[in-house]
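# Everything below, folded, please.
(chains A and B)
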Amino acid sequence: DGGITQSPKYLFRKEGQNVTLSCEQNLNHDAMYWYRQDPGQGLRLIYYSQIVNDFQKGDIAEGYSVSREKKESFPLTVTSAQKNPTAFYLCASSIFRGQDGNQPQHFGDGTRLSIL
Amino acid sequence: AQSVTQLGSHVSVSEGALVLLRCNYSSSVPPYLFWYVQYPNQGLQLLLKYTSAATLVKGINGFEAEFKKSETSFHLTKPSAHMSDAAEYFCAVSRFNDMRFGAGTRLTVKP
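From the prediction side, this is the model:
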């Protein structure tokens, strides 16, 4: 079955440490997204990518970095500059058809990051 | 800029009762609207979407939503709640590939 795989499901970070969250999709989608979810705040966009080797900052990109070297993969690095990284991180993908924004996003099951 | 507001962060209904989750949108152009459901420690699953065809949209699990332009609303309903409907529900608006989510409504179903 096609889908999005996020790993690990739970991740712990020490102070001053960078950690990388994995996101892989086999849906052949062009666009991929990273969201941060905090209780009562819905989903906030961190980064998105519409094509390989290109990505754009979302609303809360500070302290995060991404790469898009392959269509299937969009890893997110939470750097030590992100002072409040404890959250649930969701990766999503969608078909990208130019400026037509009616394509739903498909989500992975998330990674929960905590500070030790 | 577009946005959605979900009225009520928590809704509680009895099993078998009507479910009504409210969503109002703000958009300067005709929007595309979505409802998603999230179960604990999982990602979001698409319930239904409105893309300017029929204003009454039927989704999975017996849910439906009606697009009302005059009220800028896209409320989600289900005639009879089931225990398995307990989850968090998110309304989202999208245009030009910019999807914005509401803060979510947690639905509790009492036996």
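
# Pull the number of nearby residues for the residue in chain A positioned nearest to chain B.
In chain A, the residue that lies nearest chain B is A:Phe107 (3.3 Å; CB to the nearest CB). For the C-beta atoms, the positions are set from N, CA and C on the backbone; glycine is no exception. By the measure other CB atoms under 10 Å in any protein chain shown, the count of residues near A:Phe107 is 23.

# Then the one 3 residues further on?
A count of neighbours around A:Gly110, defined by other CB under 10 Å, yields 22.

# same thing with A:Ser65?
17.

# now do B:Gln45
Neighbours of B:Gln45 (other CB under 10 Å): 16.

# what pairs with it across the strands?
Assessed by DSSP bridges, B:Gln45 has beta-bridge partners B:Val37.

# is it true that it touches B:Gly59?
No. B:Gln45 is beyond contact range of B:Gly59, at 10.3 Å (criterion: CB atoms under 8 Å).

# how far does stretch A:77-86 sit from the chain's center?
13 Å (CA atoms, centre = their mean, to the nearest Å).

# Report the central residue of chain A.
The centroid of chain A falls nearest to A:Trp34 when counting by CA atoms, centre = their mean (2.4 Å).

# Kindly apply the preceding question to chain B instead.
Note: chain B centre (CA atoms, centre = their mean) maps to B:Trp35, 3.8 Å.

# which residues are in contact with the worst-scoring helix or strand of chain B on mean pLDDT?
Lowest by mean pLDDT, DSSP states H and E among the helices and strands of chain B is strand B:98-101, with a mean of 88. Contact with strand B:98-101 is made by A:42-43, A:45, A:101, A:105, B:2-4, B:34, B:36, B:90-94, as judged by CB atoms under 8 Å, 6 or more residues apart in numbering or on different chains.

# Could you pull out the buried residues of that strand?
B:Met99, B:Arg100, B:Phe101 (16 or more other CB atoms under 10 Å in any protein chain shown).

# hang on, B:Tyr68 packs against B:Thr55?
For residue B:68 the amino acid is Lys, not Tyr. Yes. With contacts counted by CB under 8 Å, B:Lys68 reaches B:Thr55, the gap being 7.3 Å.

# ok, B:Leu56 - contacts?
Neighbours of B:Leu56 in contact, by CB under 8 Å, 6+ apart: B:Glu64, B:Ala65, B:Glu66, B:Phe67.
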